[in-house]
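A.B. asks: Next input, structure requested:
(one chain, ligands or ions: 1)
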Amino acid sequence: MTTTSVSDLAALVAGTVLEPGQPGYDQEVAGFNAAVVHRPQVVVAATSTADVVEAVRFARARGWRVAVHSTGHGAHVAVEAGLLVTTRRLDGVQIDAGLRAATAGAGARWGGVVASAAPHGLAPIAGSSPSVGVVGFLLGGGIGPLVRSHGFGADYLMAATLVTGAGEVVQATADQNLDLLWALRGGKPGLGIVTEVRLRLVELPALYAGSLFFEEAHIEAALRSWIAWTAEAPSQVTTSVAVVRFPAVDLVPPPFRGRRLLTLRFAYPGDATDGARLAAPLRALAPVYLDMLDALPIADVARIFNDPSGPVPAWVSGGMLAKVDQDFATVLVRHVGAGTDGPFLAAEVRHLGEAAARDVPGGSAVGGRSALFTFGLIGTNPTSFATTLPDAEARLVSELGRWLSPEANGNFAAHPGVRRTVTAIVPAPVRAKLADLRRRHDPDGLFG
Ligand SMILES: Cc1cc2nc3c(=O)[nH]c(=O)nc-3n(C[C@H](O)[C@H](O)[C@H](O)COP(=O)(O)OP(=O)(O)OC[C@H]3O[C@@H](n4cnc5c(N)ncnc54)[C@H](O)[C@@H]3O)c2cc1C
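C.D. replies: As a prediction, the model looks like this:
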């Protein structure tokens with residue numbers, strides 16, 4: 001059934017087609033996670049939906065698997081065979097201010113959408129990092145700094161253009177293929193390659209946001225008081241905490257360098273007077289070491305977390321938590337609190353609930369709406385990726401059993417290299433509907 005050679009494919013696509021050893025191949029397959037080296041048999045640097053169609057048809061004719069990367073932020077497992085489509089050149093963003101909508105190519109990053117929307121007084125419901133890809137984030141649900149006031153990012157997905165495993169172009173909108181739109185809202189992976197999305201934007205006249213930092217000696221007090229505060233937290237306020245061990249390197253600014261701090265991120269979509277009033281109990285959790293919480297330009301909405309823009313070597317694992325309480329704090333402090341010597345660069349807990357718990361009209365495949373918190377563990381020292389981090393993760397997670405949510409979320413999942421005794425799952429009806437859609441749109445399992 002093989003009909004075209006790699007050079008035939010190169011003639012059919014406007015973008016670049018590369019094989020291992022060719023100039024530009026290593027750069028094209030590289031992503032945000034510098035620790036994962038991809039070696040597909042062919043990489044297609046797509047510049048249009050038509051390029052993606054040709055790439056998928058080529059792979060299908062050979063019975064190859066197809067992977068798709070935009071930024072490589074979520075690429076924790078190496079692509080070692082088959083065909084890789086890279087979408088980073090499809091990075092156009094158009095704003096329709098009248099309709100409060102953005103159209104973004106599959107290579108767009110949140111920073112680009114935020115910057116394009118801000119001059120119109122509008123904002124997307126973006127992720128914590130400006131360099132994360134819009135499509136990969138939305139397909140996993142998307143938990144951003146405004147998740148409690150505005151819900152999951154995927155709740156704002158209005159339409160998508162998808163190249164299926166059969167190499168066909170399908171539109172998913174509220175009027176056409178509504179079931180596919182339902183699936184693309186959080187149902188990653190395995191449905192096809194999205195080449196463009198249309199998103200609903202929100203008005204964001206003011207934003208009070210940023211971080212408070214607490215020194216190592218106050219981590220436990222701040223964590224415990226924050227957990228108590230979340231029980232009655234205002235519905236419009238989204239917070240999260242992370243214990244971060246900032247490396248002692250010149251790249252890290254002096255106030256952080258070499259210190260273990262608890263950072264508390266805060267976001268309130270409103271003015272500074274109300275924001276300061278709502279933040280007052282958090283400023284009183286424990287003595288504040290650094291106060292970087294203030295009125296923030298809308299254009300900085302994706303910078304509240306100050307995530308690295310990469311590329312960096314990264315090991316990430318996480319999950320959803322049904323609840324947290326003071327016993328949870330005891331476990332977390334034992335593993336990552338003051339004076340401990342574990343391998344994690346950061347251990348994070350994000351607060352959900354409120355808008356995140358409400359599904360959109362028409363529904364979505366978003367996982368974890370019933371969870372009240374997420375947790376995430378990050379390591380950046382490659383020598384610890386093989387065993388030290390997975391072992392430390394296993395020890396910590398084995399003690400979290402009673403707080404873990406049974407619901408899985410695509411962006412807050414266990415690292416593929418860890419084994420969990422309690423596995424979060426996609427609820428059976430959602431799983432069955434997704435499996436049916438995958439069979440219909442990817443009959444040969446190219447994306448499975
Ligand atoms: C620094 C950092 C901060 C993060 N912050 C958040 C956060 O605040 N909230 C949150 O929810 N998640 C967050 N994440 C997780 C992130 O949303 C996921 O890893 C997401 O998959 C990244 O998408 P990407 O396109 O940037 O990455 P990629 O590695 O390029 O893509 C990841 C996966 O997404 C799918 N995908 C990407 N593009 C397409 C496409 N065009 N068509 C079909 N499938 C596609 C594929 O399965 C691909 O393997 C963060 C990750 C990092 C590294």
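A.B. asks: drop to CA atoms for contacts and neighbour counts, all remaining ones
C.D. replies: Will do.
A.B. asks: got the end-to-end distance for stretch 159-177?
C.D. replies: From its first residue to its last, stretch 159-177 covers 10 Å (Cα to Cα, to the nearest Å).
A.B. asks: what does stretch 37-52 give?
C.D. replies: 22 Å.
A.B. asks: Run the chain-centre distance for that stretch.
C.D. replies: On the basis of Cα atoms, centre = their mean, to the nearest Å, stretch 37-52 sits 22 Å off its chain's mean C-alpha point.
A.B. asks: Contacts (any at all) between the ligand and it?
C.D. replies: No. For stretch 37-52, no contact with the ligand is found by Cα under 6 Å from any ligand atom; the gap never falls below 9.7 Å.
A.B. asks: Would you mark the buried spots in that stretch?
C.D. replies: 37-52 (16 or more other Cα atoms under 10 Å).
A.B. asks: ditto for stretch 245-259
C.D. replies: For stretch 245-259, burial by neighbour count (16+ other Cα under 10 Å) applies to 245-246, 256.
A.B. asks: what do you get for stretch 364-375?
C.D. replies: The neighbour-count check on stretch 364-375 (16+ other Cα under 10 Å) flags 364-375 as buried.
A.B. asks: Now tabulate those in CSV and tack on secondary structure.
C.D. replies: Putting those into CSV (DSSP: H, G, I helix; E, B strand; the rest coil) gives the following:
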residue, secondary structure
S364, coil
A365, coil
V366, coil
G367, coil
G368, coil
R369, coil
S370, coil
A371, coil
L372, coil
F373, strand
T374, strand
F375, strand
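A.B. asks: Tell me how far E220 lies from A284.
C.D. replies: Relative to A284, and taking Cα to Cα, E220 is found at 14 Å.
A.B. asks: Close to the ligand: what parts of the chain are there?
C.D. replies: Residues of the chain lying close to the ligand (Cα under 6 Å from any ligand atom) are 68-75, 106, 127-129, 132-133, 135-137, 142-144, 189, 192-195, 307-308, 411.
A.B. asks: mind listing which of those residues are in strands?
C.D. replies: Using DSSP state E, the members of the residues of the chain next to the ligand that fall within strands are 68-69, 193-195.
A.B. asks: could those go into CSV alongside distance to E407 and pLDDT?
C.D. replies: As requested, these are arranged in CSV below (distance: Cα to Cα, whole Å; pLDDT from 0 to 100):
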residue, distance to E407, pLDDT
V68, 25, 96
H69, 25, 95
I193, 25, 97
V194, 25, 97
T195, 28, 98
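A.B. asks: Strands of the stretch 151-300 of the chain, residue ranges please.
C.D. replies: Taking DSSP state E, counting those that start in this stretch to define them, one finds strands in the stretch 151-300 of the chain at 157-163, 169-172, 193-200, 202-203, 208-215, 238-245, 260-268, 290-295.
A.B. asks: who wins for proximity to V29 among these?
C.D. replies: strand 193-200 (16.7 Å; Cα to Cα).
A.B. asks: Figure out how far the closest one is from the centre of its chain.
C.D. replies: 16 Å.
A.B. asks: For that strand, enumerate the helices and strands it packs against.
C.D. replies: Helices and strands touching strand 193-200, by 3 or more Cα pairs under 8 Å, 6 or more residues apart in numbering; DSSP states H and E, are strand 101-105, strand 157-163.
A.B. asks: Tell me which of those sits nearest to K323.
C.D. replies: strand 157-163 (27.7 Å).
A.B. asks: Strand partners (parallel or antiparallel) of that closest one?
C.D. replies: strand 169-172 (antiparallel), strand 193-200 (antiparallel) (DSSP bridges).
A.B. asks: Looking at those strands, which one is packed in the most?
C.D. replies: The highest mean neighbour count among the strands paired with strand 157-163, using mean count of other Cα atoms under 10 Å, belongs to strand 193-200: a mean of 24.
A.B. asks: residues in contact with that one?
C.D. replies: For strand 193-200, the external contacting residues (Cα atoms under 8 Å, 6 or more residues apart in numbering) are 48-49, 52, 68, 87, 90, 100-106, 124, 135, 156-164.
A.B. asks: Quick check: the gap between the closest residue to A46 other than its chain neighbours and the ligand.
C.D. replies: Using Cα to Cα, 6 or more residues apart in numbering and skipping residues adjacent in sequence, the residue nearest A46 is G15, 5.0 Å away. Distance, G15 to the ligand, by Cα to the nearest ligand atom, to the nearest Å: 15 Å.
A.B. asks: now do D250
C.D. replies: Taking Cα to the nearest ligand atom as the measure, D250 and the ligand are separated by 20 Å.
A.B. asks: what pLDDT does that residue get?
C.D. replies: On the pLDDT scale, D250 is placed at 92.
A.B. asks: Just want to check the distance between the residue nearest to it when sequence neighbours are not counted and the ligand.
C.D. replies: Computed as Cα to Cα, 6+ apart, the closest residue to D250 that is not its neighbour in sequence is R257, at 7.6 Å. Between R257 and the ligand the computed distance is 19 Å (Cα to the nearest ligand atom).
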